[in-house]
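Asks: for reference, the sequence and a predicted model appear below.
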Amino acid sequence: MLIKRASDIKSSEITPESVYRSRREFMKSAAALGGAAGISSLLPGLAMAASGDGLRARAPANMQRSAPAAWWEDKFQNIEAAERGGAFWTNEALTPYQDVVTYNNFYEFGMDKGDPSRYAQEFEVDPWSIEIAGECDNPATYHLEDFLKPQQLEERIYRLRCVERWSMVIPWVGFPLADLIKKAQPNSKAKYVAFETLLDPDQMPAQNSRFAIIDWPYREGLRMDEAMHPLAFLAVGLYGDYLPPQNGAPIRLVVPWKYGFKSIKSIVRIRFTETEPQTAWNMLQPQEYGFYANVNPNVHHPRWRQDMETRLPRTLFSSGRQETLMFNGYGDQVGHLYEGMDLARNF
Ligand code: MTE
């Protein structure tokens, strides 16, 4: 079984079992056929055979591309489940896999929600290194493999709330951001953590576009106490398997109490800084996108009221509309970080 601790709830128990299981089984049969390159053209057919569901057929193919080495598969055999009812778990229905991997914001691959899943499939994630730099005693460039091998992977079931007013519930796989920060040993000047996405216009077509609105690379940042918070997570997978390229392979940030744009994808650089780092959306439109970007139903974006949201997917029977919760429902855990701050000014 995928998840180690049988006593704990698994996302396989709250998403249709057939989806979860068939994807794992598919991955195994794909591996048995002998390597990613040789089988990629067969993937849709195989996946359909395994799942009996054509719609889900593309998902395994996506993952196969972002899972090039055997050590990844080993790591994913031993994922620790989130404690049921605990801080890293919600019993809300999971957003179906197909929606999670086809409705994306990843502007490096285009502005349309379907562009990332359409255009990111050739994205190379191996080898991948992450530079740790700035105000720390242990600056280094890690191969992702060296960093991940000793790391225990965990599953966390988090809400994701986009400033555009849609939301999802996603079972991520990864490890606490604090683990990486502790290895880097930030010094006393380190007040913030800055993150950068890969800059590679050959692979990320929109980075070449004259019409691009973002000053690449995509950048994000957190205050040090936010970054050290146990909820802040570095994801390398979702739904028990590798992160598809469109979701930020091979490694992305997940900060569930903040709007989705803080959760930067495909990270290559993490830097400790003394001053607040520049962030992509804030550089573009400072009146619309603040540095903090905490989910807040009382502070509205100029174009989107924030008191309601649509939980995806919408169906014929449900509009998905629901109230937005302060800090996306994580207020008990993170509220103390902002005590005494004017959150309307520091939006
Ligand atoms: N990271 C990079 N590098 N580029 C992006 O365009 N979009 C952000 C965030 N991370 C983005 C990014 C936004 S606006 C959101 S809502 C989330 O990714 C969406 O994550 P998802 O596509 O996995 O749902």
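Replies: Received the coordinates, thanks.
Asks: residue 277: how many residues sit nearby?
Replies: Counted with other Cβ atoms under 10 Å, the neighbours of residue 277 add up to 21. All C-beta spots, glycine's among them, are computed from the backbone N, C-alpha and C.
Asks: hang on, it is in a helix, isn't it?
Replies: No: according to DSSP: H, G, I helix; E, B strand; the rest coil, the state of residue 277 is coil, so it is not within a helix.
Asks: and the gap between the residue of the chain at minimum distance from the ligand and residue 166?
Replies: Proximity of the chain to the ligand (Cβ to the nearest ligand atom) peaks at residue 260, 2.6 Å away. From residue 260 across to residue 166, the span is 9 Å (Cβ to Cβ, to the nearest Å).
Asks: likewise for residue 93?
Replies: 15 Å.
Asks: compare those two (neighbour count), which wins?
Replies: Higher neighbour count among residue 93 and residue 166: residue 166, with 21 against 10, using other Cβ under 10 Å.
Asks: so who does that one touch?
Replies: 103, 309, 310, 311, 312 (Cβ atoms under 8 Å, 6 or more residues apart in numbering).
Asks: direction included, what does the strand or helix carrying the third one pair up with?
Replies: In this structure, residue 310 is located in strand 308-311 according to DSSP states H and E. Strand 308-311 has the following strand partners under DSSP bridges: strand 166-176 (parallel), strand 321-323 (antiparallel).
Asks: is it anywhere near the ligand?
Replies: No: residues of strand 308-311 are not located near the ligand by Cβ under 6 Å from any ligand atom, the shortest gap being 12.0 Å.
Asks: quick check: residues of the protein near the ligand?
Replies: 104-108, 160, 162, 197, 218, 247, 260-261, 263-266.
Asks: what's the most distant pair in those?
Replies: Farthest pair in the residues of the chain next to the ligand (Cβ to Cβ) is 108 and 160. Separation: 18.6 Å.
Asks: and these two? Which one has more around it.
Replies: residue 108 (28 against 22).
Asks: from residue 248, how far out is the more buried one?
Replies: From residue 108 over to residue 248 the distance is 10 Å, taken as Cβ to Cβ.
Asks: overlap of the contact sets of those two?
Replies: With Cβ under 8 Å, 6+ apart, residue 108 and residue 248 have common neighbours residue 266.
Asks: any idea of the mean pLDDT for the strand holding residue 310?
Replies: The average pLDDT within strand 308-311 is 98.
Asks: give me the contacts around that strand.
Replies: Contacts for strand 308-311 (Cβ under 8 Å, 6+ apart): 95, 161, 165-169, 297, 319-324.
Asks: okay, that strand in PDB with CA atoms only?
Replies: Taking Å, rounded to 0.1, in the frame of the first residue of the first chain, the C-alpha atoms of strand 308-311 are listed here in PDB:
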ATOM      1  CA  MET A 308     -16.800  34.100  -1.300                       C
ATOM      2  CA  GLU A 309     -15.000  31.500  -3.300                       C
ATOM      3  CA  THR A 310     -15.900  28.600  -5.700                       C
ATOM      4  CA  ARG A 311     -14.700  25.200  -4.700                       C
END
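Asks: so which bits of it are buried?
Replies: 309, 310, 311 (16 or more other Cβ atoms under 10 Å).
Asks: over to stretch 200-209?
Replies: 203, 204, 206, 207, 209.
Asks: by pLDDT, rank those and give me the bottom one.
Replies: residue 209 (92).
Asks: re the thing from before, output the buried residues of stretch 200-209 in TSV, with secondary structure appended to each entry.
Replies: Below are the buried residues of stretch 200-209 laid out as TSV (three-state DSSP):
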residue	secondary structure
203	coil
204	coil
206	helix
207	helix
209	coil
